[in-house]
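A.B. asks: the following block contains a protein sequence and its predicted model.
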Amino acid sequence: RELASRAPLVVATLQAISGLKDSSFERSLSRFFPLMANLISCEHGSGEVQLALSDMLSSWV
């Protein structure tokens, strides 16, 4: 339940990251990467978060 209540915030954060300019994203990647890896491996993550993460990664790869 706690994870589900935070999903909208996580989704909004991932969408904001997707909108960063290249230089901002590259400067922040060392901080973002461990967090994104944790989201990928989270077994109780919401589908909404996984979709936002997929969209964000697709926009940068």
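C.D. replies: Everything's here; your move.

A.B. asks: mind checking the longest helix of this structure?
C.D. replies: In the chain, assigned by DSSP state H, the helix with the most residues is helix 22-41.

A.B. asks: contacts for the helix or strand just after that one, please.
C.D. replies: Using DSSP states H and E, the helix or strand that follows helix 22-41 in sequence is helix 47-60. Under the contact criterion CB atoms under 8 Å, 6 or more residues apart in numbering, helix 47-60 has outside partners 7-8, 10-11, 14-15, 17-18, 25, 36, 39-40, 42. Bear in mind the C-beta positions are built from the backbone N, C-alpha and C, glycine included.

A.B. asks: okay, residue 54: pLDDT?
C.D. replies: On pLDDT, residue 54 comes in at 91.

A.B. asks: same deal with residue 26?
C.D. replies: 89.

A.B. asks: alpha carbons of the longest helix of the chain, as CSV, please.
C.D. replies: Output in CSV follows, covering the C-alpha atoms of helix 22-41 (Å, rounded to 0.1, in the frame of the first residue of the first chain):
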residue,chain,number,x,y,z
ASP,A,22,21.3,15.9,-22.6
SER,A,23,23.9,17.8,-20.5
SER,A,24,21.7,17.7,-17.4
PHE,A,25,20.9,14.1,-17.8
GLU,A,26,24.6,13.2,-18.3
ARG,A,27,25.7,15.1,-15.2
SER,A,28,23.1,13.4,-13.1
LEU,A,29,23.4,9.9,-14.5
SER,A,30,25.7,8.7,-11.7
ARG,A,31,23.0,9.6,-9.2
PHE,A,32,20.1,8.3,-11.2
PHE,A,33,21.5,5.0,-12.3
PRO,A,34,21.5,3.2,-9.0
LEU,A,35,18.0,4.4,-8.3
MET,A,36,16.7,3.3,-11.7
ALA,A,37,18.4,-0.1,-11.2
ASN,A,38,16.6,-0.5,-7.9
LEU,A,39,13.3,0.3,-9.6
ILE,A,40,13.9,-2.3,-12.2
SER,A,41,14.6,-5.0,-9.6
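
A.B. asks: residue numbering should commence at 57 henceforth.
C.D. replies: Okay, using 57 as the starting number, the last item reads as helix 78-97.

A.B. asks: figure out how far it is from the centre of its chain.
C.D. replies: Helix 78-97 sits 8 Å away from the centroid of its parent chain (CA atoms, centre = their mean, to the nearest Å).
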